[in-house]
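K.L.:
I would like to see how this sequence folds:
(one chain, ligands or ions: 3)
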Amino acid sequence: MSLFPSTTVSVPEYRGIPRHIAIIMDGNGRWATSRHLPRVAGHAKGVEAVRATVEACARRGVEFLTLFAFSSENWRRPADEVSVLMRLFITALEREVSQLQANGIRLRVVGELSAFEPRLRELITQAERRTVANTRMTLTVAANYGGRWDLLQAMRAALREHPEMAQQPEQLTEAMLASHLAMAYAPEPDLFIRTGGEQRISNFLLWQLAYTELYFTDAWWPDFDAAALDRAIESFQQRERRFGRTSAQVAATAAT
Ligand code: IPE
Ligand code: IPE
Ligand code: MG
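P.N.:
Ligands and ions are numbered 1, 2, ... in the order given. Sure thing, here's the model as predicted:
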């Protein structure tokens, strides 16, 4: 059994502050281009927005914050941009982990990490180890992550664990599959935010976003701050999360 039941199987309890926020941090390149700066200047500035968002989420009592930093498809970018992104990731891990530790934040990195250079992999392992006991908030960075990659590796892992399932596929359950996803340690996101104006999922958490509230803003990621976060949370708080039920049923549950 997975730790958190799927939202298509049971309905999570409502709380005012989303328990889990997942963000596609988009618009770094356009932020820079609009200022006649090289695209990578936008990525550097984006790191500052990450810092501010992590702090703001922790202060507001968000339990899980998940940030999409590099997709399986981002390798298609020019080699020099990819290389700067890797450098920035390394620098951020070297510089920021102490602050995470001081603030009681646990770091997890999910994705196909074998594609990264050894130094980066080593820093990721060290940072995860160092912050493992922290309980205030879990910050997940999705790096070389793709929702399809995740589903595929989960199915492979489930089959490896239960090879007999290949003959009896009906044994495979939602809970079993979910327990092998890279983020099986977290409940599904309550709120998804995408900055940068595009309205798409771009191969992010395909399984987990099934019942997530989606919020899109035109703000470019480097301009995202605590006030922008609060606007997204306010929008979330006005939604009625029905999970397949009727409004009357939702109201009756809330009254009890
Ligand atoms: C998001 O910003 C950062 C990454 C994908 C790494 P972009 O680099 O995609 O910025 P735009 O979309 O080109 O403006
Ligand atoms: C999505 O942004 C991935 C990350 C933010 C890491 P992209 O800018 O790569 O998305 P698409 O390709 O425009 O959909
Ligand atoms: Mg983009």
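K.L.:
Pull out the buried positions in stretch 140-151.
P.N.:
For stretch 140-151, a neighbour-count test (16 or more other C-beta atoms under 10 Å) marks 140-147, 149-151 as buried. Any C-beta I mention is one placed from the backbone N, CA and C, and that applies to glycine too.
K.L.:
same question but for stretch 244-254, I mixed them up
P.N.:
Val250.
K.L.:
related to what we said a few turns ago, dump the buried residues of stretch 140-151 into CSV; add distance to Phe243, pLDDT and secondary structure as well.
P.N.:
Formatted as CSV, the buried residues of stretch 140-151 follow (distance: C-beta to C-beta, whole Å; pLDDT from 0 to 100; DSSP: H, G, I helix; E, B strand; the rest coil):
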residue, distance to Phe243, pLDDT, secondary structure
Thr140, 23, 98, strand
Val141, 28, 98, strand
Ala142, 25, 98, strand
Ala143, 31, 98, strand
Asn144, 32, 98, strand
Tyr145, 26, 98, strand
Gly146, 26, 98, coil
Gly147, 21, 98, helix
Trp149, 27, 98, helix
Asp150, 22, 98, helix
Leu151, 21, 98, helix
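K.L.:
quick one: which two of those are the most distant?
P.N.:
Spanning the widest gap among the buried residues of stretch 140-151 are Val141 and Leu151, at 19.5 Å by C-beta to C-beta.
K.L.:
Helices of the stretch 101-250 of the chain, start to end?
P.N.:
Secondary structure of the stretch 101-250 of the chain (DSSP state H, counting those that start in this stretch): helices located at 118-130, 147-161, 174-178, 226-237, 247-255.
K.L.:
ok, and the closest non-adjacent residue to Ser34?
P.N.:
Spatial nearest neighbour of Ser34, excluding adjacent residues (C-beta to C-beta, 6 or more residues apart in numbering): Trp220 at 7.9 Å.
K.L.:
of the helices of the stretch 101-250 of the chain, which approaches ligand 2 most closely?
P.N.:
Nearest of these to ligand 2, taken as C-beta to the nearest ligand atom: helix 147-161 at 11.2 Å.
K.L.:
right, is that closest one up against ligand 2?
P.N.:
No - Helix 147-161 stays clear of ligand 2 (C-beta under 6 Å from any ligand atom), getting no nearer than 11.2 Å.
K.L.:
Which residue, other than its chain neighbours, is closest to Arg119?
P.N.:
Per C-beta to C-beta, 6+ apart, closest to Arg119 is Ile90, 6.4 Å.
K.L.:
Where does the prediction get shaky in the stretch 101-250 of the chain?
P.N.:
Within the stretch 101-250 of the chain, no stretch has pLDDT under 70.
K.L.:
From Ala186, how far off is the residue in it positioned nearest to ligand 1?
P.N.:
The nearest approach of the stretch 101-250 of the chain to ligand 1 comes at Gly196, 5.2 Å away (C-beta to the nearest ligand atom). Using C-beta to C-beta, to the nearest Å, Gly196 is found at 24 Å from Ala186.
K.L.:
Could you check which of those two has the larger neighbour count?
P.N.:
Between Gly196 and Ala186, counted using other C-beta atoms under 10 Å, Ala186 has the larger neighbour count: 23 against 20.
K.L.:
who in the chain is up against ligand 1?
P.N.:
Counting by C-beta under 6 Å from any ligand atom, the chain comes close to ligand 1 at 25-30, 70, 74, 85, 196.
K.L.:
hmm, 5 Å instead?
P.N.:
Within the chain, the residues that sit near ligand 1 (C-beta under 5 Å from any ligand atom) are 26-30.
K.L.:
Adding pLDDT and secondary structure, write the residues you listed out as a markdown table.
P.N.:
Formatted as a markdown table, those follow (pLDDT from 0 to 100; DSSP: H, G, I helix; E, B strand; the rest coil):
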| residue | pLDDT | secondary structure |
| --- | --- | --- |
| Asp26 | 98 | coil |
| Gly27 | 98 | coil |
| Asn28 | 98 | helix |
| Gly29 | 98 | helix |
| Arg30 | 98 | helix |
